[in-house]
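Student: starting from these lines, generate the structure:
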Amino acid sequence: MAQDSVDLSCDYQFWMQKLSVWEQASTLGTQQDTCVHLARFQEFLRKMYEALKEMDSNTIFERFPTIDQLLAKACWNPFILAYDESQKILIWCLCCLINKEPQNSRQSKLNSWVQGVLSHILSALRFDKEVALFTQGLGYAPIDYYPGLLKNMVLSLASELRENHLNGFNTQRRKKISLPMSAVVCLWLRHLPSLEKAMLHLFEKLISSERNCLRRIECFIKDSLLPQAACHPAIFRVVDEMFRCALLETDGAPEIIATIQVFTQCFLEALEKENKQLRFALKTYFPYTSPSLAMVLLQDPQDVPRGRWLQTLKHISELLREAVEDQTHGSRGGPLESWFLFIHFGGWAEMVAEQLLRSAAEPPAALLWLLAFYYSPHDGRQQRAQTMVQVKAVLGHLLAMSRSSSLSARDLQTAAGQDTETDPRAPAQQLIRHLLLNFVLWAPGGHTIARDVITLMAHTAEITHEIIGFLDQTLYRWDRLGIESPRSGKLARELLKELQTQV
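Tutor: Residues are numbered from 1 along each chain as shown. Purely as a prediction, here's the structure:
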């Protein structure tokens, strides 16, 4: 309990200073900082309430002499007051200050002050007051806001009624009121639950849709307006954090990784459309990584000459290895944070195996490390080194077999160690399966045995879905980068279609 008390006092001083800074909410920087810290501030308020409800009014002011100032600053901040949970907890905290039977004029004045602040909170919940408070905080006058909102709503309703008339009033269509992008961003910055709801709606659509179809996922993501809104760093951070939670909850499911990569691609396209030069520093979007690593990853492989792809991947590997192995495991900027950043950029992450298989030279250690890290970020140095040795040996066997005049699926599986009793769900086994799939797509003799290889590999529904996902993602990436060969593309599409009919 003593430690809790010390922690709360330290947090109190921190948030008192923050609230003083946030009072100057006319600048974009303070608005952005408020949105980024809202969740933590809400948690502080909850802890504060737990402490206050155990004390009487006199004890509260002995312990926290400026508690009235702190709560007042929070209650007059439109960005804090907009958050439903913050409103509720602020009301609870204020009620703790009330003296049920005031003994002197100071206590009576305090009661009057609390009642006034509560009245302010409750009046701010009305729509017209809320909009005025918010638009004023953003620097807009209500006279500029209301006509635009009304005009947009009327146009949307007219358009919808026209569509319903032409379609025989199809009730299966949504009654959808569209808002300008600027209004959507303002709404999501102002009211975080609506942003969270938009993300949950996107997750629901992704779950209910056909698995392993990145084109459809891309359409869902773009229709959600989230990539465009994420150009504002505060929104990007909330969205990215929800993706991180989904990734952890699913233990790194390939479908979630693919969705994050598609979202990042859509976000970067929106960012490029909005401004040719970054309005916000990269560190605002990716605060836990070095700017140099983020800058390299942000390069679209389409904009890098193909002859330099290998060199770029080596550079990415060097920067990641430095970030991963020079940090303590479990630190905020440690291995998992670096991996989370890397998986965003599928254009680079997914081409490592291809580059290794399409090169006849000795496999570069940097690429072996990058591949081992991508598939198993939890591993320590020693375990990752063992994976690198295993992958190097498999690559050697595959390279030798590519020169063979007669290939068989069984020999290929044996050479890759896929005929052992090893757990097929192990990350190293998934890595080797993807090497084999890349081999049959690119090796001169691989096309003839591709179906036999997949038949031997896909002995469970889970692995079948994994192979479908791999083929869909490969075709999606090839299409974007324009790197597929006609034969490989044709084979991949045929295999994908055949496997989809089986599940």
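
Student: any stretches of the stretch 401-503 of the chain with poor pLDDT?
Tutor: 417-426, 484 (pLDDT under 70).

Student: show me where it has helices.
Tutor: Secondary structure of the stretch 401-503 of the chain by DSSP state H, counting those that start in this stretch: the helices cover 409-415, 427-442, 446-457, 461-481, 486-500.

Student: out of the ones you listed, indicate the one that is most buried.
Tutor: helix 427-442 (a mean of 21; mean count of other CB atoms under 10 Å). Placement of C-beta: from N, CA and C, glycine included.

Student: list the residues that contact the nearest residue to Tyr476 once chain neighbours are set aside.
Tutor: Nearest non-adjacent residue to Tyr476, counting by CB to CB, 6 or more residues apart in numbering: Leu214, 4.3 Å away. Taking CB atoms under 8 Å, 6 or more residues apart in numbering as the contact definition, Leu214 lies against 258, 262, 472-473, 476.

Student: out of the helices of the stretch 401-503 of the chain, nearest to Thr250?
Tutor: helix 461-481 (13.3 Å; CB to CB).

Student: what's the weakest-modelled helix or strand in the chain?
Tutor: Taking mean pLDDT, DSSP states H and E as the measure, the chain has helix 127-138 as its least confident helix or strand, at a mean of 49.

Student: follow-up on the earlier one: of all pairs in the contacts of Leu214, which one is the farthest apart?
Tutor: Val262 and Asp472 (11.2 Å).

Student: quick revisit: which of the helices of the stretch 401-503 of the chain sits closest to Ala234?
Tutor: helix 461-481 (28.6 Å).

Student: contacts for that closest one, please.
Tutor: Contacts of helix 461-481 (CB under 8 Å, 6+ apart): 211-215, 254-255, 258, 265, 301-302, 346-347, 350-351, 424-425, 430, 433-434, 437, 441, 454, 457-458, 483-484, 489, 492-493, 495-496, 499-500, 502-503.

Student: for stretch 32-42, same thing?
Tutor: 15, 18, 21-22, 25, 74, 77, 79-80, 83, 85-86, 89, 189, 192, 232-235, 237-238, 284.

Student: what sits against Cys52?
Tutor: Just so we're on the same page, residue 52 is Leu rather than Cys. 60, 67, 93, 96-97.

Student: with distance to Val114, neighbour count and secondary structure added, can I get those in CSV?
Tutor: Shown next, in CSV, are the contacts of Leu52 (distance: CB to CB, whole Å; neighbours: other CB atoms under 10 Å; DSSP: H, G, I helix; E, B strand; the rest coil):
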residue, distance to Val114, neighbour count, secondary structure
Ile60, 12, 19, helix
Ile67, 11, 19, helix
Cys93, 10, 23, helix
Cys96, 9, 19, helix
Leu97, 5, 19, helix
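
Student: pick the one among those closest to Arg384.
Tutor: Cys93 (48.9 Å).

Student: not counting sequence-adjacent ones, nearest residue to that closest one?
Tutor: Tyr49 (5.1 Å).

Student: check that neighbour and give its pLDDT.
Tutor: At Tyr49, the model reports a pLDDT of 90.

Student: and for Arg162?
Tutor: Value listed for Arg162 in the pLDDT field: 51.

Student: return the residues in contact with the most centrally placed residue in the chain.
Tutor: By CA atoms, centre = their mean, the mean C-alpha position of the chain lies nearest to Asp240, the distance being 2.5 Å. The contact partners of Asp240, taken as CB under 8 Å, 6+ apart, are Ala230.

Student: what helix or strand is it located in?
Tutor: helix 233-249 (DSSP states H and E).

Student: and that helix, how far out from the chain middle?
Tutor: 4 Å (CA atoms, centre = their mean, to the nearest Å).

Student: quick one: mean pLDDT over that helix.
Tutor: 90.

Student: ditto for stretch 97-115
Tutor: Averaged over stretch 97-115, pLDDT sits at 85.

Student: and stretch 186-200, by the same measure?
Tutor: Per-residue scores along stretch 186-200 average to 86.

Student: how long is it from one end to the other?
Tutor: By CA to CA, to the nearest Å, the extent of stretch 186-200 from end to end equals 19 Å.

Student: list of residues touching it?
Tutor: 31, 35, 38-39, 78-79, 82-84, 134, 138, 179, 224-226, 229, 232, 234-235, 238-239, 242.

Student: how far does that stretch sit from its chain's centre?
Tutor: Per CA atoms, centre = their mean, the displacement of stretch 186-200 from the mean C-alpha position of its chain is 15 Å.

Student: what do you get for stretch 349-363?
Tutor: 28 Å.

Student: residues making contact with that stretch?
Tutor: 261, 301, 309-310, 313, 342-343, 367-368, 370-371, 374, 391-392, 395, 398-399, 431, 434-435, 438-439, 442-443, 473-474, 477.

Student: span of it from start to end?
Tutor: Stretch 349-363 end-to-end distance (CA to CA) = 17 Å.

Student: so where is the stretch 151-300 of the chain shaky, pLDDT-wise?
Tutor: 151-174, 176-179, 210-212, 275-279.

Student: switch to 90 and redo it
Tutor: 151-197, 201, 203-216, 223, 232-234, 247-256, 258, 269, 271-295, 298-300 (pLDDT under 90).

Student: how about the helices in it?
Tutor: 181-190, 192-208, 214-223, 226-229, 233-249, 254-274, 282-285, 291-298.

Student: closest one to Ser404 among those helices?
Tutor: Comparing these by CB to CB, helix 254-274 comes nearest, at 31.2 Å.

Student: from the chain's centroid, how far away is that closest one?
Tutor: That offset, for helix 254-274, works out to 9 Å (CA atoms, centre = their mean).

Student: now do the buried residues in that helix.
Tutor: 255-268, 270-271 (16 or more other CB atoms under 10 Å).

Student: again with stretch 75-88
Tutor: 75-83, 86-87.

Student: also stretch 355-364?
Tutor: Within stretch 355-364, the residues scored as buried using 16+ other CB under 10 Å are 355-357, 363-364.

Student: can you put those in TSV and add secondary structure and distance to Leu247?
Tutor: Converted to TSV, the buried residues of stretch 355-364 look like this (DSSP: H, G, I helix; E, B strand; the rest coil; distance: CB to CB, whole Å):
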residue	secondary structure	distance to Leu247
Gln355	helix	25
Leu356	helix	25
Leu357	helix	27
Pro363	coil	29
Pro364	coil	28
